[in-house]
Each structure stands twice: as structure tokens, then as C-alpha cells.
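S.K.: What would the 3D arrangement of this be:
(one chain, ligands or ions: 1)
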Amino acid sequence: MTTYIPTSQIHIPEGMIDLGVGDPDFALLPLDMLRRAAEACFAKGDPTFLQYGAEQGDGYFRMALAGFFSRGYGFPVDPDSLFVTNGISNALDLICAHFTRPGDTIFVGEPSYFLALRIFADHDLRIVPIQTDKDGLVIEALEEKLAGFQPKFLYTVPTFQNPGGCTLPQERRDRLVRLSQEHDFLILADEVYHFLNYSDRQVKPFAAYTDLETVISLGSFSKVLAPGLRLGWMQAHPEVIKRLVTSGLLDSGGGLNPFTSAIVRELLEAGDLEQNIARLITAYRSRLAAMDTALHRELPQATFETPQGGFFFWVRLPEVDAEQLQQKALEFKVGFRPGVRFSSQGGLREYIRLCYAFYDEEKIEQGIRRLRQCLEACL
Ligand SMILES: Cc1ncc(COP(=O)(O)O)c(C=O)c1O
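M.R.: Residues are numbered from 1 along each chain as shown. Sure thing, here's the model as predicted:
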């Protein structure tokens, strides 16, 4: 008898191409780079990183991270504005725990990253959806909702959104920040895909607004290094950081993930993160192009915007219920995420999310071909 021994969160049946998986390709995880960083860290002979960590996160790690941001964002980032997390999922959970009470109202874009919705549900928050268009949040729709509700926060993925792939234009960012000040709500800007930009167009991150108490920028190493590190950051005003740093959780357990921070610090100081991001951009740009071509060729009835960064295509299949299609797709050994998963209202049923990061070009083309065959069989 063979016993199933779980190792990663990903379970794909044999022979299946699951374009619904939104994770990095195993083949692109930087095993050697992290081995070198770990060796350099252990070779120092300083056991401090094995101790309970500083509450806000290791100071040297935050300095190295701030240096990376200052180069990458093009404006100076103060290490003291950074708080180390176990990733964005953990940061969202912490923020909900410390800034909300059960029953509080929050705003999210429709569609939204579905697993954030699960975290908000854990905290019994009342979700009010905000309309989006091909560029992201519609500010007029937000203004209308603000006339009727006082949200604790608005959660958004402003750049290369999951699932929509879209990027909020600068003018809307400015208006959103102004509204957060006028109406006193927090903006949780999930900037997980910010550095995975395949275009020449630079985007100003919400990190640039964190001198204001209403803006929190959330980031993670999950998509630019490896999700298994469980390491990320929050950039925010000192008052926001103070609230988290003085929490019982950190008082008891110390700062989050000092061990991994110390290893990633080596990698940052060696300039390896820039190198890894450049490698990923080359790989993902080519995979994006492969999916774009395959979609145009195989599914001419589909409508979508070609993304400029991130991991996803958000595709509308007219007159299709994507959840029903998902059952049929199993027979064709292809998978996707149905749009309804990204709706807080049970809507978006004609949409599917496809990820081009997990498979190489050949598998992507094969997967889209199978999707076409599946759709043909349904007609
Ligand atoms: C928009 C978005 N936010 C957060 C996460 C999860 O981030 P982390 O691994 O840092 O918890 C993901 C992962 O898919 C994501 O797409």
C-alpha cells in the first residue's frame, strides 16, 4: 500500500495541465541561490538569527530590503518604515486582528484575490464590493459607496492584479489616496506583483504614499523568490507599525521569521534578488506571449486584455458558466479557476483565470488547445 505523503500545497492529477494553479513553476525556484545565501549566513558563525527576533524584524535585513526598494522604486525607503511579515496572507490576518472587529465593513474590488476574501471571512468582516473596469477600481463607484458606508479598510491589488491582470492608473491612485484621507479608511495595497513588470512602463507603488497613516503597502518574496520562505513585508506609517509591534503575538514569539530573514539578507546584499527578478521576467514574458498567441488562435470568441506583468490572464467566455465548464474540463485534462471564486457576490460566472507562470510554453499551448476542445464539446 502506498501512503500519500503531502509535501506542497499543489495537487495536480497525473497528465492534467492545471492553468488554475497560481504559483511559481518548481523549475524556477532558486535552489542554488538560496543554498549559497544560507551557506554565507551560517559561515558567519553568529547565532543571533537563531534567537527570538526583534519585533519589527531584523534591523540589518530591513536595511538591505530598504536598499533594494530605494533602487527599485527610485525613491528612498526608510528601514524603519518596514515591518517583516510571514508573507501577505499573514499581514492581512494581522491587520484584520488589530484594526477591525467582527461585523466591521470593508471594501474590496470586484473581482478580488479570492484567498484574501477567505481571510476576511475568518474575521467575520462585512464585504462591500467596489466595481472595477479594465484598469481596476472605478473611483466614482467607490465615492458612491462611501456615501453609504464607513469602511475600516479597502483591500486592492493595484498592479498586475490577481485575477484581472490590470494596473490602476496614476490619476486613480492619487484620487484613492485622497479619499482615504477624507473618509478615514485604510488602503491595503497588495503589491505582490509590482516587480514582475514585463513592460517598459514604470508604476509608482503605493509604498510611495506610506508617509500617510491611511496607506499600507504589502509585499512578499513569494513571487520573486519562493513562497516556501513565508517571508514578506509591510511598509507603513510609524503609528501603524507601532500597533503591530506592541502586539501580544510579537511580545511572546518575537519578530516574524528571523531565521529566513537572515538568509534572505545575504541574498539581498549580494544583489541576487535583482538577478532573480530579471531571470523571472525573461521567463514569464515568454510564457505570457505563448498564452496570448494560443488564446488568440484557439479561442477567438474569448475577450481579454493582454497583461503587462504578474501571473494571470482574466478571460471572458461569453455564455459559458465557468464553474460547470470546470467539471467538463477535467475530462480534457485541463484546469482553470472559474471567475466566481474571485467574486464576493457569487458573480463573474462567465470569466476564467488562467496562470502562465506555472507551466512552460509547450504545456501552456497544449493546455489552451485542450480548453478549446473542451469548449467545442460543450457546444
Ligand atoms: C494578490 C496576492 N496576494 C497575496 C498572495 C499570497 O502572498 P503570500 O504568499 O505572501 O502570503 C498571492 C498569491 O497568490 C496573491 O496573488
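
S.K.: what residues are up against the residue most central in space within the chain?
M.R.: Residue closest to the mean C-alpha point of the chain, counted by CA atoms, centre = their mean, is residue 192 at 3.9 Å. Neighbouring residues of residue 192 by CB atoms under 8 Å, 6 or more residues apart in numbering: 88, 157, 162, 218, 219, 220, 222, 223. Placement of C-beta: from N, CA and C, glycine included.

S.K.: Dump those residues into JSON lines; add pLDDT as well.
M.R.: Formatted as JSON lines, the contacts of residue 192 follow (pLDDT from 0 to 100):
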{"residue": "88", "pLDDT": "98"}
{"residue": "157", "pLDDT": "98"}
{"residue": "162", "pLDDT": "95"}
{"residue": "218", "pLDDT": "98"}
{"residue": "219", "pLDDT": "98"}
{"residue": "220", "pLDDT": "98"}
{"residue": "222", "pLDDT": "98"}
{"residue": "223", "pLDDT": "98"}
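
S.K.: And those residues, which is closest to residue 3?
M.R.: residue 222 (29.1 Å; CB to CB).

S.K.: Next up, the contacts around the closest residue in space to residue 342 that isn't next to it in sequence.
M.R.: Nearest non-adjacent residue to residue 342, counting by CB to CB, 6 or more residues apart in numbering: residue 111, 3.6 Å away. Shown in contact with residue 111 (CB under 8 Å, 6+ apart): 132, 163, 164, 314, 339, 342, 343, 348, 351.

S.K.: Cross those against strands and list the overlap.
M.R.: 132, 314, 351 (DSSP state E).

S.K.: tell me which of the residues you listed is nearest to residue 40?
M.R.: Of these, the one sitting nearest to residue 40 (CB to CB) turns out to be residue 314, at 40.6 Å.

S.K.: got the contact list for that closest one?
M.R.: So, once contact is read as CB under 8 Å, 6+ apart, residue 314 ends up touching 111, 163, 164, 165, 166, 304, 305, 339, 351, 352, 353.

S.K.: one more time with 10 Å, if that's ok
M.R.: Listed by CB atoms under 10 Å, 6 or more residues apart in numbering, the contact set of residue 314 reads 111, 134, 161-166, 303-305, 307, 337, 339, 342, 348, 351-354.

S.K.: Output the below-cut-off pLDDT ranges for the stretch 151-300 of the chain.
M.R.: Residues of the stretch 151-300 of the chain meeting the criterion pLDDT under 70: none.

S.K.: so where do the helices sit in it?
M.R.: 170-183, 238-245, 248-253, 258-269, 272-298 (DSSP state H, counting those that start in this stretch).

S.K.: With mean neighbour count and distance to residue 12 as extra columns, can I get those in JSON lines?
M.R.: Converted to JSON lines, the helices of the stretch 151-300 of the chain look like this (neighbours: other CB atoms under 10 Å; distance: least, CB to CB, whole Å):
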{"stretch": "helix 170-183", "mean neighbour count": "16", "distance to residue 12": "37"}
{"stretch": "helix 238-245", "mean neighbour count": "16", "distance to residue 12": "36"}
{"stretch": "helix 248-253", "mean neighbour count": "12", "distance to residue 12": "34"}
{"stretch": "helix 258-269", "mean neighbour count": "22", "distance to residue 12": "27"}
{"stretch": "helix 272-298", "mean neighbour count": "17", "distance to residue 12": "17"}
